[in-house]
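Novice: This is the structure alone, sequence omitted:
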């Protein structure tokens, strides 16, 4: 229905950081792998994952990037140069994990301060064109045209 109506579907993968929970409450990361066959079946559907961590140990990110056209925001990418590591521009990057064309700005406000997301962009090695794409270009391309 999303594809047929030309809409954008945003799927929230995680709302809170599991590190803030009480130690007796075991909450793991969300596994997005079950989305892969669904998204593969509808390649023209515009789908964005919100607050997706892109866990370096998880295979879900690799499958989502290689087998679907899903986009994701930067709101939960943590650590110095996280955006650069994910798009492959940081010196320590082994490879592009998410093509810059599929990355959108996201702040996770009001849970995180907006300045946190802005700092992620400033501290990550990226060209002006890449920053422009993340901050607005990719979103403009993704949003339904009125």
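Specialist: Perfect, I can see it now. The shown structure was predicted, so the numbers you read here are calculated from the model rather than taken from an experiment. Numbers count the residues shown, from 1 in each chain.
Novice: Give me the contacts around the helix ranked longest in the chain.
Specialist: If you go by DSSP state H, the chain has its longest helix at helix 114-123. Among residues not part of helix 114-123, those counted as contacts by CB atoms under 8 Å, 6 or more residues apart in numbering are 74-75, 77, 80-83, 105-109, 131, 134-135. C-betas here are computed from N, CA, C, even on glycine.
Novice: Please pick the buried ones from those.
Specialist: Using 16 or more other CB atoms under 10 Å as the burial test, the contacts of helix 114-123 include 74, 75, 77, 81, 82, 83, 105, 106, 107, 108, 131, 134 as buried.
Novice: pretty sure the first one contacts residue 100?
Specialist: This means residue 74. No: assessed by CB atoms under 8 Å, residue 74 is found out of contact with residue 100, at 10.9 Å.
Novice: Could you name every residue contacting both of these two?
Specialist: The contact lists of residue 74 and residue 100 share residue 134, where a contact means CB under 8 Å, 6+ apart.
Novice: Ends of stretch 75-85, what's the gap?
Specialist: Using CA to CA, to the nearest Å, one end of stretch 75-85 lies 14 Å from the other.
Novice: can you count the residues close to residue 67?
Specialist: By the measure other CB atoms under 10 Å, the count of residues near residue 67 is 13.
Novice: residue contacts, it?
Specialist: Residue 67 neighbours (CB under 8 Å, 6+ apart): 36, 39, 40.
Novice: What count of nearby residues applies to the residue lying closest to the second one once chain neighbours are set aside?
Specialist: Once flanking residues are discounted, residue 39 sits nearest to residue 68: 3.9 Å by CB to CB, 6 or more residues apart in numbering. When neighbours are defined as other CB under 10 Å, residue 68 has 22 of them.
Novice: Make 41 the first number, not 1, from now on.
Specialist: Sounds good: first residue 41 from here, last item residue 108.
Novice: Residue 108 and residue 163, how far apart?
Specialist: Per CB to CB, to the nearest Å, residue 108 is found 29 Å from residue 163.
Novice: show me where the protein has strands.
Specialist: 48-52, 86-90, 111-113, 143-144 (DSSP state E).
Novice: Now render those as CSV, adding distance to residue 60 and mean pLDDT.
Specialist: Formatted as CSV, the strands of the chain follow (distance: least, CB to CB, whole Å; pLDDT from 0 to 100):
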stretch, distance to residue 60, mean pLDDT
strand 48-52, 17, 92
strand 86-90, 18, 93
strand 111-113, 20, 94
strand 143-144, 25, 96
